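**Student:** Here is my input, please return the structure:
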Amino acid sequence: MIYRSKAPLRIGLAGGGTDVSPYSDEYGGAILNATISLSAYASIELAESNKIIVQALDRNEEQQFDYAHQLPIDGKLDLLKGVFNRINKDYGIPAQGFKLSTFVDAPAGSGLGTSSTLVVAILGAFVEMLKLPLGDYDIAHYAFDIERNDLQLAGGRQDQYAATFGGVNFMEFYEQDKVIVNPLRIRPEYMHELENNLVLYFTATSRESATIIKEQVKNVHNKNEKSIDAMHQLKEQAKMMKEALLKGKLDTIGQILDYGFQQKRMMAANISNNNIEAIYDAAKAAGATGGKISGAGGGGFMIFYCPGNTRHRVINALNTFGGEVKKYSFIKYGLTTWTI
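**Tutor:** Residues are numbered from 1 along each chain as shown. The predicted model follows:
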């Protein structure tokens, strides 16, 4: 018996960073994101031995243990072991050997929510195996709790909810871990045009998002007015993006993205750098009306809005920087699980 799951990665379109405490606790955050056809996968295969094998197939990493109720958190494959530890603690897993295998369609630290989406996918496989009565909000919050509290990894809240719910969502974040997911009913032709005009570009560099996020958190704690005001503006940007998509004002999306790019650079140092600035300027010179860094910043993926038929000129300009334009499509489904 094999228990499988997959959860989609996401593109953050507006409001990025306002889902991170303490900003979201003190002021309330808002984000608009959309899931895409890149995913994180998890499989649990039961074994007759008492061995537990955890492996990340995309990273060629593996660890083996004799069956134990808790596995060591030692910096290697901790997301896989952390989910097992928490599920075993809360629900109990039969004392039987198994192999937990994962794969992600994008590298860690690329800004598409890979780590949190992987946690959701792993949780999904265990939920499928144990038939746990958990709804979407339960799974998303559970994933957040494991990642932020059990494993003490810095970050926000949007990724777990995007991966679980799927689709295009306007999300609101409040104190005491309160999250409201508002699915948006956007006309199909608007989504087709957005997909056609939005170029997803991997800068060929990954980054450690925790360092950037920790500085962002520090700036809020220290009441850094410049940083906090930038987050206020990004929250407004999420509302602007929601209205543009719902009303079909697609010609304003590039400007809304550009506005957010200018604001995000003020949240913390190292969100942007000389390479990112050069890429951004080249894309705009080729016809993009705006763009953004995906995720915490510092590297990873970027997106650019290219109206009309400018996407091809923009792609040619981006190709000179040694990165990769990634094909994708928007998808409506979130976490999916099954048994074979």
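**Student:** contacting residues for residue 186?
**Tutor:** When contacts are counted by Cβ atoms under 8 Å, 6 or more residues apart in numbering, residue 186 touches 168, 245, 246. Bear in mind the C-beta positions are built from the backbone N, C-alpha and C, glycine included.
**Student:** In contact with the last one, which residues?
**Tutor:** What it means is residue 246. Counting by Cβ under 8 Å, 6+ apart, the residues that residue 246 touches are 184, 185, 186.
**Student:** Adding pLDDT and distance to residue 128, write the residues you listed out as JSON lines.
**Tutor:** Converted to JSON lines, the contacts of residue 246 look like this (pLDDT from 0 to 100; distance: Cβ to Cβ, whole Å):
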{"residue": "184", "pLDDT": "98", "distance to residue 128": "28"}
{"residue": "185", "pLDDT": "96", "distance to residue 128": "29"}
{"residue": "186", "pLDDT": "97", "distance to residue 128": "30"}
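**Student:** among the residues you listed, which are in strands?
**Tutor:** Counting by DSSP state E, the contacts of residue 246 place none of their members in strands.
**Student:** Near residue 245, how many other residues are there?
**Tutor:** Burial measure for residue 245: 24 neighbouring residues, criterion other Cβ atoms under 10 Å.
**Student:** What number of residues are in the vicinity of residue 201?
**Tutor:** Counted by other Cβ under 10 Å, the residues lying close to residue 201 total 23.
**Student:** go on, residue 252?
**Tutor:** Look at residue 252: counted by other Cβ under 10 Å, it has 17 neighbours.
**Student:** Residue 131 now?
**Tutor:** 8.
**Student:** Equivalent analysis for residue 184, please.
**Tutor:** Other residues within reach of residue 184 by the criterion other Cβ under 10 Å amount to 15.
**Student:** if you average pLDDT over the one helix or strand residue 337 maps to, what comes out?
**Tutor:** With secondary structure defined by DSSP states H and E, residue 337 is part of strand 336-339. With pLDDT averaged residue by residue, strand 336-339 scores 98.
**Student:** Which neighbouring elements make contact with that strand?
**Tutor:** If you count contacts as 3 or more Cβ pairs under 8 Å, 6 or more residues apart in numbering; DSSP states H and E, strand 336-339 packs onto strand 2-14, helix 114-130.
**Student:** of all those, which lies closest to residue 192?
**Tutor:** Among those, strand 2-14 comes nearest to residue 192, with 15.4 Å by Cβ to Cβ.
**Student:** Strand partners (parallel or antiparallel) of that closest one?
**Tutor:** Strand 2-14 has the following sheet partners, assigned by DSSP bridges: strand 29-46 (antiparallel), strand 336-339 (antiparallel).
**Student:** any weak-confidence spans in the chain?
**Tutor:** 206-212, 268-270, 296-298 (pLDDT under 70).
**Student:** Quick check: the most centrally placed residue in it vs residue 39, distance?
**Tutor:** The central residue of the chain, meaning the one whose C-alpha is nearest the mean C-alpha position (Cα atoms, centre = their mean), is residue 113 at 2.0 Å. Counting by Cβ to Cβ, to the nearest Å, the separation of residue 113 from residue 39 is 11 Å.
**Student:** swap in residue 199?
**Tutor:** Distance check for residue 199 against residue 39: by Cβ to Cβ, it reads 20 Å.
**Student:** likewise residue 339?
**Tutor:** Applying Cβ to Cβ to residue 339 and residue 39 gives a distance of 18 Å.
**Student:** Of these two, give the one with the bigger neighbour count.
**Tutor:** Between residue 339 and residue 39, counted using other Cβ under 10 Å, residue 39 has the larger neighbour count: 23 against 12.
**Student:** correct me, but the more buried one touches residue 6?
**Tutor:** Yes - here residue 39 reaches residue 6: they are 4.6 Å apart, a contact under Cβ atoms under 8 Å.
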